[in-house]
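Student: Test case, fold it:
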Amino acid sequence: MQKLSERLVSWASLIDEKTIEQARTSSRMPFIHPHLALMPDAHLGLGATVGSVIPTLGAIMPAAVGVDIGCGMIAVKTRFRASDLEGRDLSELRQQIERAIPLSAGRDNRKIVATAEPRVAELEALAEKAGFDPATYAGHWRRQLGSLGSGNHFIEISLDENDDVWMFLHSGSRGVGNRIAQHHIKVAQRLAKQWWIELPHPDLAYLVEGTPEFTRYIRELRWAQHFALLNREEMMDRVANQLGRFLETPVEEQERINCHHNFTESERHFGKQVWVSRKGAIMADAGRPGLIPGSMGTASYVVEGRGNPVALNSSPHGAGREYSRSAARKTFTREQLREAMTGIEYRDTDAFIDEIPQAYKPIDRVMADAADLVTVRHTLRQVVNVKGD
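Tutor: Got it, this is the predicted structure:
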């Protein structure tokens with residue numbers, strides 16, 4: 001860990017000056033307490049740094065939470081072994097999963113399936129209690145439940161160091177969460193102009209605790225966080241169904257972990273009750289299970305938190321980008337992606353060049369930097385990868 005200033009600490013051994021300066025700017029906001037913590041995967045983001053843990057007194061910066069509210073990971077350990085997959089055509093399993101779950105931006109379900117019905121009902125009741133209608137943000141939000149999205153969102157079948165089979169996926173609150181986030185970012189920016197508040201960056205606009213705008217944001221934020229959690233649960237149930245069909249035996253779960261990495265919670269740190277916004281970081285209090293995925297084609301990790309107080313009980317959420325998407329497309333080729341994905345069943349397309357492992361920080365370096373934040377329980381290697389364009 002390196003102390004970069006009184007209000008900024010960092011666990012990132014691979015980090016550029018632009019990212020550090022962006023984090024410094026955020027750390028100077030007057031309500032930061034006690035400091036902003038950069039995780040090993042920290043990289044430049046919109047407004048606030050991705051891979052940062054931002055504790056605030058009496059205020060929240062909506063852009064510092066991120067636009068994919070509640071984005072996170074879910075993983076399930078099954079009783080299957082690597083030997084159960086041997087000799088089988090894994091492209092069939094990949095295609096079954098692709099048919100069962102809508103992929104890519106703008107894609108959702110044609111109808112609300114039976115497994116999604118109780119989850120939709122739960123979200124309807126939660127929205128009513130929160131006093132808002134999610135349809136004002138996205139009229140088709142119910143059909144978004146159980147859809148993956150694009151970018152770095154993925155579904156994987158993996159093996160751990162003991163050759164046990166895991167199901168693993170990454171997704172968030174889809175279009176409805178994005179629109180909720182964008183709305184409240186604009187509200188915060190409008191209030192800053194209204195009250196003549198000078199900001200170092202427009203995306204550091206904040207909402208003040210106790211105001212109607214803050215209260216509404218928290219209610220809708222918590223709804224979106226729960227939507228994201230249930231969205232992952234719904235997709236995982238579908239993946240389990242397809243894996244069971246593929247192996248002609250129902251999946252028996254041995255462990256299930258579901259965690260956010262774009263979210264806000266009220267927590268107590270350094271003697272104060274603060275709002276902790278984790279933009280690309282997971283909770284890692286002592287003993288808490290967590291998930292840290294690598295990039296496409298590399299290892300992922302099942303971890304246990306070590307409860308590091310200086311890191312505000314947090315850890316990284318993944319590998320962290322080194323190349324922007326446009327830079328990755330100019331730098332790397334489809335042949336290089338094929339080489340990186342050797343031995344992994346995936347959809348071979350130019351669409352995933354910007355997700356090539358070389359566009360990200362080396363996950364083993366990230367995990368080495370995180371040695372005092374988490375303990376590794378399992379190391380996973382992919383055998384099937386599913387992504388949206």
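Student: all strands of the stretch 201-350 of the chain, in order?
Tutor: With DSSP state E, counting those that start in this stretch, the ranges of strands along the stretch 201-350 of the chain come out as 207-208, 253-260, 262-269, 272-279, 281-283, 289-292, 300-305, 314-316.
Student: Residues contacting the shortest one, please?
Tutor: If I follow you right, that is strand 207-208. Applying C-beta atoms under 8 Å, 6 or more residues apart in numbering, the contact partners of strand 207-208 are 58, 59, 60, 61, 62, 184, 187, 188, 191, 213, 214, 217. In short, each C-beta sits where N, CA and C put it, glycine included.
Student: what stretches of the stretch 1-150 of the chain score poorly on pLDDT?
Tutor: The model of the stretch 1-150 of the chain has no residue with pLDDT under 70.
Student: At which residues are the strands of it located?
Tutor: So, for the stretch 1-150 of the chain - with DSSP E, counting those that start in this stretch - the strands run 2-5, 8-10, 36-43, 50-56, 59-60, 72-81.
Student: most packed of those strands?
Tutor: Mean neighbour count (mean count of other C-beta atoms under 10 Å) peaks for strand 36-43 among the strands of the stretch 1-150 of the chain, with a mean of 29.
Student: who does that strand touch, helix- and strand-wise?
Tutor: Strand 36-43 sits against strand 8-10, helix 17-27, strand 50-56, strand 314-316, helix 363-369, with contacts defined as 3 or more C-beta pairs under 8 Å, 6 or more residues apart in numbering; DSSP states H and E.
Student: could those be laid out in TSV, adding distance to residue 262?
Tutor: Listed next are these as TSV, based on distance: least, C-beta to C-beta, whole Å:
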stretch	distance to residue 262
strand 8-10	20
helix 17-27	15
strand 50-56	9
strand 314-316	13
helix 363-369	18
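Student: of these, which approaches residue 33 most closely?
Tutor: Closest approach to residue 33 among the helices and strands packed on strand 36-43 (C-beta to C-beta): strand 50-56, 5.6 Å.
Student: tell me which strands and helices that closest one is in contact with?
Tutor: Contacts defined by 3+ C-beta pairs under 8 Å, 6+ apart place strand 50-56 against helix 17-27, strand 36-43, strand 272-279, strand 281-283.
Student: 7 Å instead?
Tutor: Applying 3 or more C-beta pairs under 7 Å, 6 or more residues apart in numbering; DSSP states H and E, we find strand 50-56 packed against strand 36-43, strand 272-279, strand 281-283.
Student: Pairing partners for residue 256 in the sheet, please.
Tutor: Per DSSP bridges, the residues bridged to residue 256 are residue 76.
Student: do the same with residue 72
Tutor: Counting by DSSP bridges, residue 72 is bridged to residue 171, residue 260.
Student: Secondary structure class of the residue with the largest distance to the centre of the chain, three-state.
Tutor: For the chain, the residue at maximal distance from the C-alpha centroid (C-alpha atoms, centre = their mean) is residue 196, at 34.1 Å. Following DSSP: H, G, I helix; E, B strand; the rest coil, residue 196 is assigned to coil.
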